[in-house]
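> using only what follows, build the 3D model:
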Amino acid sequence: MTEAGADAFARHWFDVVEYAYATGNAEPLRALADPECEICNASIAEIESKTREGLHFEGVAIEVLTSAPAPKDSRGVIVTMSVQEVSSQVVTADGEVVEDVPGIEAAPINVYVAESDGGWRIFGIGKI
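This is a model prediction of the structure:
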């Protein structure tokens, strides 16, 4: 597995995050996240909690502006990215807005990617 593969996987992760929030289906996130990834688990828990409450997210859009993988080492690859998210809303099945979720300005982050079970997994995401 290469740095370019880790970079592509990290970009794909954010597509899957967007999908999970838009559909309420957190299983694809769970499949790509290491069980110890705190921010991954927080996102999964948030999606599942809102879905159980009969709520869903609308307007979720995440854009990866830049990404640059560091050289691979024995632990994996750190992909430094700039990501932004537009504001979205949590709504009821009837369309009533119950929460406005502020967007995130372009922010530099490190995405920790490593090989696991023959594929890539996200092991953590942190602000720089």
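
> C-alpha coordinates for the longest strand along the chain, CSV please?
With secondary structure taken from DSSP state E, the chain has its longest strand at strand 104-116. Taking Å, rounded to 0.1, in the frame of the first residue of the first chain, the C-alpha atoms of strand 104-116 are listed here in CSV:
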residue,chain,number,x,y,z
ILE,A,104,-16.5,24.5,9.4
GLU,A,105,-14.2,26.9,7.7
ALA,A,106,-11.3,25.4,5.8
ALA,A,107,-9.3,23.8,8.5
PRO,A,108,-6.0,21.9,8.4
ILE,A,109,-6.2,18.4,9.9
ASN,A,110,-4.1,15.3,10.0
VAL,A,111,-5.8,12.0,9.1
TYR,A,112,-4.1,8.9,10.4
VAL,A,113,-4.4,6.1,8.0
ALA,A,114,-3.0,2.6,8.4
GLU,A,115,-3.3,-0.9,6.9
SER,A,116,-5.6,-3.3,8.7
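
> what about whichever helix or strand comes after it, distance to the chain center?
If you walk from strand 104-116 toward the C-terminus, the next helix or strand you reach (DSSP states H and E) is strand 119-127. Relative to its parent chain, strand 119-127 has a centroid offset of 9 Å by C-alpha atoms, centre = their mean, to the nearest Å.

> and if you look at stretch 78-90?
Per C-alpha atoms, centre = their mean, the centroid offset for stretch 78-90 relative to its chain is 8 Å.

> mind listing the strands in this structure by residue range?
55-58, 62-69, 77-85, 88-92, 97-101, 104-116, 119-127.

> output the contacting helices and strands for the second one.
Using 3 or more C-beta pairs under 8 Å, 6 or more residues apart in numbering; DSSP states H and E, the elements in contact with strand 62-69 are helix 3-23, strand 77-85. C-beta here means a position set from N, CA and C on the backbone, and glycine is covered the same way.
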